[in-house]
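**Student:** how does the following fold in three dimensions:
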Amino acid sequence: MYARDRASQGLGMTLDSIRPGYARMSMPVREDMLNGHQTCHGGFIFALADSAFAFACNSHNQNTVGAGCTIEYLAPGRLGDVLTAEAVEQALAGKSGVYDIRVSDQGGRVLALMRGKSHRVSGEVTPPPSPPLLQPQQPAAPQG
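**Tutor:** This is a model prediction of the structure:
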């Protein structure tokens with residue numbers, strides 16, 4: 001999924017860890033991400049949290065989309081910071097899931113907390129491989 005995620009790649013995000021119900025992503029704060037206060041624009045912090053949420057809820061290899069979220073901004077990010085978003089599944093029932101995402105800087109200071117709700121849709125993130133094509137069997141060569 002990351003290989004097809006041009007948005008996360010374009011923002012310099014890396015997928016650092018993933019397992020069922022969990023994802024961790026990082027993003028350096030660049031100069032073009034600063035707002036008028038010279039702090040990281042909240043939209044970029046949200047984008048990092050949202051990407052980690054997306055990878056965590058798709059980590060079961062079932063196509064899943066966000067159904068809603070809330071975010072609380074607690075502290076600013078600064079130029080040169082490396083932000084990390086850690087998304088953890090809290091509940092998964094039927095087609096619905098709930099995930100908590102924590103965004104922190106390289107010193108462990110929490111910048112934002114997000115809660116996301118997910119909804120599973122049809123299909124798989126990575127479809128199973130196709131079975132190999134069967135080759136017609138050649139008759140055995142006569143022994144002679």
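
**Student:** next up, the contacts around residue 34.
**Tutor:** Residues in contact with residue 34, defined by C-beta atoms under 8 Å, 6 or more residues apart in numbering, are 40, 41, 79. All C-beta atoms are positioned from the backbone trio N, CA, C, and that covers glycine.

**Student:** for residue 92, which non-adjacent residue is closest in space?
**Tutor:** residue 21 (7.1 Å; C-beta to C-beta, 6 or more residues apart in numbering).

**Student:** can you give me phi and psi for that neighbour?
**Tutor:** phi 80, psi 10 (degrees, to the nearest 10).

**Student:** any idea how far residue 11 is from it?
**Tutor:** 24 Å (C-beta to C-beta, to the nearest Å).

**Student:** one step back: how many other residues sit next to the residue nearest to residue 92?
**Tutor:** Applying other C-beta atoms under 10 Å, we find 17 other residues in the vicinity of residue 21.

**Student:** quick check: the gap between it and residue 14.
**Tutor:** Taking C-beta to C-beta, one finds residue 21 at 20 Å from residue 14.

**Student:** centre-most residue in this structure?
**Tutor:** residue 55 (2.6 Å; C-alpha atoms, centre = their mean).

**Student:** which other helices and strands contact the helix or strand hosting that residue?
**Tutor:** Applying DSSP states H and E as the criterion places residue 55 in helix 42-57. If you count contacts as 3 or more C-beta pairs under 8 Å, 6 or more residues apart in numbering; DSSP states H and E, helix 42-57 packs onto helix 6-10, strand 14-19, strand 22-28, strand 64-73, strand 82-93, strand 96-104, strand 110-120.

**Student:** can you give me the buried ones in the shortest one?
**Tutor:** By neighbour count on 16 or more other C-beta atoms under 10 Å, the buried set for helix 6-10 is residue 8.

**Student:** list only those of the contacts of residue 34 flagged as buried.
**Tutor:** Here, 16+ other C-beta under 10 Å leaves 40, 41 buried among these.

**Student:** of the contacts of residue 34, closest to residue 6?
**Tutor:** residue 41 (19.6 Å; C-beta to C-beta).

**Student:** excluding sequence neighbours, find me the nearest residue to that closest one.
**Tutor:** residue 35 (4.4 Å).
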